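K.L.:
just the structure for this:
(chains A and B)
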Amino acid sequence: MLTLDRAVRDAIVAHARRDHPDEACGIVAGPIGSDRAERLVEMTNAARSMTQYEFEPAEQLRVYREMDDRDEEAVVVYHSHTATEAYPSRTDVRYASQPGAHYVLVSTREPAETEFRSYRIVDGVVTEEEVRVCESVGGEA
Amino acid sequence: MAIEVRIPTILRNYTGGEKQVEANGTSLASLIDDLDAKHPGIKGRLVTDDGSLHRFVNVYVNDEDVRFTGALDTGLSDGDEVTILPAVAGG
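P.N.:
As a prediction, this is how the structure comes out:
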């Protein structure tokens, strides 16, 4: 199950809508081992494509170094599909090399409604999981 | 000659869980061979059968993506830091 702040979920959806019809991509960082997706980092889609995405390597290095400095990890790795369903494609599965992450897929194929789904992808196997949206996730008094 | 190599989570099963290891080499290719000698199997995750860098990984020497510095022919000096990250992509 993926538990997410409403604000983070809405920000992912807004990013996907803003970049439509290109695919949007990014991560949500959180403290290592916490499974708390707290800090959204929109990433540039270096492919700038309606059907593909890739993190720009130099930007990825900066972002991943920063996470390392902050003892964080990528809790969520997200991207959008702009004409197909919010389900991992074969390419998505082949590239999925962060088995501890929740892979969030957003679809902006319908103007009025955004599909928002989450998956685990481990050793090439896709398992959908429930998404639970909260008003606030831990860390607050 | 000692070069720090930062290992992404997915490859830490080769390094006994270590996120940073030391290796030697004057080029990225020889460094990877040395890494593989110390942590058997890791080379197969970094280099394809035809001898080029795998597209599923990004390798950096200090801050530079090695795709711009000669890929596996990238020269290395004592004190350099090599970082390996999984390429994040899809469609």
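K.L.:
report the mean confidence score over the strand ranked longest in chain A.
P.N.:
When chain A is parsed with DSSP state E, its longest strand is strand A:72-81. Per-residue pLDDT over strand A:72-81 has a mean of 97.
K.L.:
strand partners (parallel or antiparallel) of the helix or strand that B:Val21 is a member of?
P.N.:
In the assignment (DSSP states H and E), B:Val21 maps to strand B:20-23. Looking at strand B:20-23 with DSSP bridges, its partner strands are strand B:3-6 (antiparallel).
K.L.:
please spell out which residues along the partner strand are buried.
P.N.:
For strand B:3-6, a neighbour-count test (16 or more other Cβ atoms under 10 Å in any protein chain shown) marks B:Ile3, B:Val5, B:Arg6 as buried. To be clear about C-beta, it is placed using only N, CA and C from the backbone, and glycine gets the same treatment.
K.L.:
among the residues you listed, which one lies nearest to A:Val93?
P.N.:
B:Arg6 (25.6 Å; Cβ to Cβ).
K.L.:
could you find the closest non-adjacent residue to that closest one?
P.N.:
Spatial nearest neighbour of B:Arg6, excluding adjacent residues (Cβ to Cβ, 6 or more residues apart in numbering or on different chains): B:Thr83 at 4.4 Å.
K.L.:
can you pull the contacts of that neighbour?
P.N.:
By Cβ atoms under 8 Å, 6 or more residues apart in numbering or on different chains, the contact list for B:Thr83 reads A:Leu61, A:Arg65, B:Val5, B:Arg6, B:Val59, B:Tyr60.
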